[in-house]
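**Q** return a 3D structure for these sequence lines:
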Amino acid sequence: MIVLKSDREISLMLKAGEIVGKVFEKLNGEIKPGVKTKQLDKSAKEKIESLGGRPAFFGYKGFPGNICTSINNVVVHGIPGEQRLTEGDIISLDVGAEFEGYYADAAITIAVGNISKEAKRLIDVTECSLSSGIEQARAKNRLSDVTAAIQGFVEKNGFSVVRAFVGHGIGSRMHEEPEIPNFKWIKEDVRLEPGMTLAIEPMVNQGTYDVKIMEDGWTAVTRDGKLSAHFEHTILITEEEPKILTLWQKKKQ
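**A** Sure, this is the predicted structure:
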């Protein structure tokens with residue numbers, strides 16, 4: 001069942017979203033060659049807690065990190081640890097925060113120093129595909145309008161959308177109905193209504209959309225070893241334009 005959120009619930013999700021945005025602002029300034037992913041994880045935890053929130057991912061189904069740090073060919077669920085960033089890497093940061101029982105979830109992919117033109121294009125296309133999907137997330141549209149917009153934009157630009165993982169509803173739980181794939185086929189198409197809150201998250205691969213799970217049971221990588229990028233926002237369906245609850249400001253370098 002898809003739960004429509006009250007004004008009170010939306011206000012709490014907006015606060016959670018603001019916390020997630022502040023984490024991105026902090027981490028974006030820390031991304032550089034030589035930094036260990038466990039340091040990014042520590043910084044994120046400290047920031048979330050300093051703002052009155054709780055890291056939503058820690059312990060979720062046993063996940064050992066506060067955030068996900070997915071580098072280069074890691075699609076999602078990269079576990080923070082001793083790995084150091086190197087010049088030319090791309091890193092996807094997936095951050096979730098809970099505030100007074102309500103959740104927000106978002107992801108970004110960031111360049112580490114100077115990256116290849118193709119890596120930059122992958123990041124740009126993935127971010128734009130998210131914007132394309134959000135643009136269709138309007139009352140009276142169907143969920144398939146969102147998913148088709150994402151897939152169409154990605155494939156038009158020569159990349160592939162991951163099938164193995166999907167976006168989701170979100171609210172008093174991290175994962176609620178409906179599932180939101182990044183391709184047109186979905187189990188149950190629904191008409192979007194004001195009060196729905198969705199985490200839309202295209203995961204886009206440079207090559208095949210096939211993935212494999214590593215021995216840790218979490219880390220998902222591209223089957224062909226090529227790059228992957230990931231962007232996500234938590235949004236609210238309104239009577240007018242969709243409202244992004246996880247906005248953040250990227251500081252100029």
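
**Q** burial count for E30?
**A** Residues near E30, counting by other Cβ atoms under 10 Å, number 13. Backbone N, C-alpha and C define where each C-beta goes, glycine included.

**Q** contact partners for it?
**A** Neighbouring residues of E30 by Cβ atoms under 8 Å, 6 or more residues apart in numbering: Q39, L40, S43.

**Q** and R191, by the same measure?
**A** Counted by Cβ under 8 Å, 6+ apart, R191 has contacts K140, N141, R142, L143.

**Q** could you check the pLDDT of it?
**A** pLDDT for R191: 95.

**Q** go on, M1?
**A** The model's pLDDT for M1 equals 88.

**Q** burial count for it?
**A** Around M1 there are 6 residues (other Cβ under 10 Å).

**Q** so what's it up against?
**A** Contacts of M1 by Cβ under 8 Å, 6+ apart are E177.

**Q** from G53, how far off is it?
**A** As judged by Cβ to Cβ, to the nearest Å, M1 and G53 stand 26 Å apart.

**Q** how about G101?
**A** For G101, the distance to G53 - Cβ to Cβ - is 11 Å.

**Q** list the contacts of stretch 236-253.
**A** Here stretch 236-253 has contacts from 5, 10, 13-14, 16-17, 20-22, 24-25, 28-29, 104-106, 134-135, 137-139, 192-198, 232-235, using Cβ under 8 Å, 6+ apart.

**Q** repeat that with 7 Å
**A** 10, 13-14, 17, 20-21, 24-25, 28-29, 104, 106, 134, 137-139, 192-197, 233-235 (Cβ atoms under 7 Å, 6 or more residues apart in numbering).

**Q** in PyMOL, select just the buried ones from the residues you listed.
**A** Per 16 or more other Cβ atoms under 10 Å, the buried members of the contacts of stretch 236-253 correspond to this PyMOL selection:
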select buried, resi 10+13+14+17+20+21+24+28+104+106+134+137+138+139+192+195+196+197+233+234+235
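
**Q** just checking, which of the contacts of stretch 236-253 belong to strands?
**A** Here DSSP state E is the test, and the contacts of stretch 236-253 give A104, A106, T197, H233, T234, I235 as lying in strands.

**Q** farthest pair within these?
**A** Maximum pairwise distance in the ones in strands among the contacts of stretch 236-253, criterion Cβ to Cβ, is 12.6 Å, between A106 and T197.

**Q** hmm, back to that, looking at the contacts of E30, state which has the most neighbours.
**A** L40 (23 neighbours).

**Q** part of a helix, is that residue?
**A** Yes. Under DSSP: H, G, I helix; E, B strand; the rest coil, L40 sits within a helix.

**Q** can you get me the start-to-end distance on stretch 226-239?
**A** 41 Å (Cα to Cα, to the nearest Å).

**Q** next one: it to chain centre, how far?
**A** 5 Å (Cα atoms, centre = their mean, to the nearest Å).

**Q** ok, P202 touching V162?
**A** No. Using Cβ atoms under 7 Å, P202 makes no contact with V162, being 8.1 Å away.

**Q** residues near N66, how many?
**A** 28.

**Q** mind listing what it touches?
**A** Contacts for N66 were tallied using Cβ under 7 Å, 6+ apart; they are D41, A44, K45, P55, F57, F58.

**Q** what about the residues you listed, which are in strands?
**A** Reading strands off the contacts of N66 with DSSP E, I get P55.
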